[in-house]
Structure formats: structure tokens, C-alpha cells
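# Below are the sequence and a predicted model for it; my questions follow.
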Amino acid sequence: MRRYSKLYLQFLKQYIKVLIEYRADFIFGLVGFILVQFSGVVFIQLIFRSIPALSGWTFHEVLFIYGFAQIPRGIDHVFTDNLWILSGRILLEGGFDKYLLRPINPLFHLLSERFQPDGFGEIIIGSILVGYSGVHLGMDITLEKGILFLTAVFFATIIYTAIKLAVSSISFWIKFAQSYLYMTYQMSTFTKYPMTIYPKVIRGLLTFVIPFAFTGYYPGAYFLGKVGFMQGIGMTILVSILSILAAYQIWLKGLTKYESSGS
């Protein structure tokens with residue numbers, strides 16, 4: 001573990017050097033990403049100008065769910081963005097060979113090679129929205145709730161990573177899976193809003209098949225007092241563990257099917 005920690009820091013230092021070299025691109029990219037996240041908040045405001053509540057959810061409750069969902073999504077974006085590249089061109093161009101030749105875990109090498117600071121835009125906006133809506137809702141801030149909040153965020157992030165890993169691993173068989181990953185990832189947008197506003201089919205899909213519901217709605221609803229501990233926190237932890245184990249098995253199976261493709 002210590003060895004991999006040191007290796008990750010070395011990869012991170014190298015990537016930061018690249019960001020410093022192109023600091024203007026980094027700053028404009030981050031600002032642009034933050035503005036994009038604000039567009040979702042504007043959309044929510046427009047909805048609540050016309051209606052007082054959304055299926056029994058107030059403006060600040062929806063804002064809390066939206067903000068919570070952004071935090072794990074942003075953390076995953078920062079640390080696992082290279083899975084997008086894997087599903088796109090790495091396998092297609094035969095660039096995966098280097099991960100197999102070096103004496104470290106191929107998945108660790110893949111993830112540590114790329115650090116995507118654009119994800120901080122989601123983390124910043126999500127944190128602001130959670131704090132703002134929490135104040136307006138009069139939510140109590142205690143040490144216990146703080147620990148539960150961080151726990152929920154951590155395991156919700158694992159779910160994001162697991163889903164991305166599972167879908168991107170399909171590229172071991174079909175070479176290019178980025179369109180499938182994009183389609184799957186877009187479904188996470190639904191969980192920025194209360195699940196009760198959707199038909200049963202959508203709720204079932206996002207709860208039992210592609211469990212994005214546990215990255216935003218269920219843990220967020222727990223802190224709002226809408227669902228119990230087991231449904232909001234317990235199930236988030238369980239689903240995250242099962243998801244990452246299943247995703248890693250798909251990854252390992254994919255490794256056995258890998259065939260280098262030269263130009």
C-alpha cells in the first residue's frame with residue numbers, strides 16, 4: 001500500500017507539472033465547468049417559479065439532493081477520468097500494452113496516470129449547494145452526521161467508479177465503448193432530482209440495474225429525513241461494495257480477452 005501511495009504521488013506530481021505549464025487552459029476549463037454546473041441550478045429555479053413543490057419536495061430539498069449528487073460525481077471525475085480514454089482510444093490504438101509491461105497493477109497505473117481537475121467544479125458547486133440548502137432547511141450539524149455524510153460521499157463515489165469501470169471494460173471485447181459509457185453515465189443526471197417524480201420503470205432501473213440512485217437520491221434523502229438509515233446509508237454502502245467487486249471481475253475478465261492492435 002505504501003509503495004502504491006508513493007507511486008501515485010509521483011504520477012500526480014508529473015501531471016501537476018503539465019497543468020502548470022498550461023495554467024490558462026486549466027483555469028478557463030475549471031471556470032467553464034463551474035458555469036455549466038450552475039446551469040442546472042438555474043433550471044431548478046425556473047421549475048419552482050411555476051410550482052410551489054415538486055411531488056412534495058420543496059425547492060431547498062431538491063437543491064440539497066442536486067448538490068449532494070454533484071460531490072461524488074466530481075470526486076470520481078477527478079480521479080478516474082482515464083476510464084473514458086480507455087473506453088475510447090487506448091484499446092483501439094493498442095496503447096494498453098504499456099500497462100501490462102510495467103510491474104504494477106494495470107488498473108492502478110491506468111487510473112493514476114490521469115488527474116482531471118475539472119471535477120473540482122462539481123465538488124465546489126455541490127458543496128455550496130449542500131451548505132446553502134442545509135442552512136435554509138435548518139438542518140442540524142453534528143459530528144455524527146458529518147461522519148455519516150463523508151461516509152455516504154465516499155461509497156457513492158465508489159458506485160460511480162464501479163459503473164464506469166464495468167462499462168469501459170466492455171472495450172476489451174469491442175475495442176470502442178465510449179458511446180456506451182456516455183449513454184450510461186448520462187443516466188446519473190436523473191438522480192440529481194427526487195426519484196419519486198419518475199415512473200416505476202425508471203426508479204427500478206436506477207436502483208437495481210444501474211444503481212445511480214445511491215449516488216445522490218437515497219443518501220441525500222436520508223439527511224433530509226425522507227428515508228431511514230438502512231435505505232439511505234446502509235444500502236449505499238452495500239451497493240457500492242457489490243458494484244465495485246462486480247466491476248473489477250469484469251475488468252479482470254476483460255484483461256484475459258485483450259489483444260493488442262497495432263497501427
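All right, it came through fine. Keep in mind it's a predicted model, so treat the numbers as computed, not measured. Residues are numbered from 1 along each chain as shown.
# Against Gly119, how distant is the residue nearest the centre of the chain?
The C-alpha lying nearest the average C-alpha coordinate of the chain belongs to Arg73 (Cα atoms, centre = their mean; 2.8 Å). Arg73 sits 8 Å away from Gly119, taking Cβ to Cβ, to the nearest Å as the criterion. (Each C-beta comes from the backbone N, C-alpha and C, glycine too.)
# before we move on, back to that, residues touching the residue nearest to the centre of the chain, list them.
119, 122, 126, 160, 188, 215-216 (Cβ atoms under 8 Å, 6 or more residues apart in numbering).
# now with 7 Å?
For Arg73, the contacting residues are 122, 160, 188, 215, by Cβ atoms under 7 Å, 6 or more residues apart in numbering.
# Which one (most neighbours) among those?
Within these, neighbour counts (other Cβ atoms under 10 Å) peak at Thr215, which reaches 32 neighbours.
# on that earlier part again, just name the closest of the contacts of Arg73 to Phe59, please.
Closest approach to Phe59 among these (Cβ to Cβ): Glu122, at 20.7 Å.
# and that closest one, how far is that from Gly67?
Glu122 sits 10 Å away from Gly67, taking Cβ to Cβ as the criterion.
# got it, and Asn82?
Counting by Cβ to Cβ, the gap from Asn82 to Gly67 is 26 Å.
# Looking at the two, which one has more neighbours?
Comparing Asn82 with Gly67 by other Cβ under 10 Å, the one with more neighbours is Gly67, at 26 against 20.
# can you tell me the helix or strand for the more buried one?
Element membership for Gly67 (DSSP states H and E) is helix 59-80.
# And the next helix or strand past that helix?
Later in the chain than helix 59-80, the nearest helix or strand by DSSP H and E is helix 82-85.
# what's in contact with that following helix?
Residues contacting helix 82-85 (Cβ under 7 Å, 6+ apart): 110-111, 113-114, 164-165, 168, 178, 181.
# same question, stretch 170-185
84, 86-88, 91-92, 163-164, 167-168, 210, 254-255, 257-258.
# where do the strands sit along the stretch 151-263 of the chain?
Using DSSP state E, counting those that start in this stretch, the stretch 151-263 of the chain contains no strands.
# Report the separation between Thr142 and Ser133.
17 Å.
# neighbour-wise, which of the two wins?
Ser133 (23 against 9).
# Surely the more buried one and Leu63 touch.
Yes - counting by Cβ atoms under 7 Å, Ser133 touches Leu63, with 4.2 Å between them.
# What is the neighbour count of the closest residue to Thr151 other than its chain neighbours?
With Cβ to Cβ, 6 or more residues apart in numbering as the criterion, Thr151 has its nearest non-adjacent residue at 6.9 Å, and that residue is Ile233. By other Cβ under 10 Å, the residues close to Ile233 number 21.
# give me the number of residues near the residue lying closest to His77 once chain neighbours are set aside?
Spatial nearest neighbour of His77, excluding adjacent residues (Cβ to Cβ, 6+ apart): Gly119 at 3.1 Å. With neighbours defined by other Cβ under 10 Å, the count for Gly119 comes to 21.
# With that, I have no additional questions.
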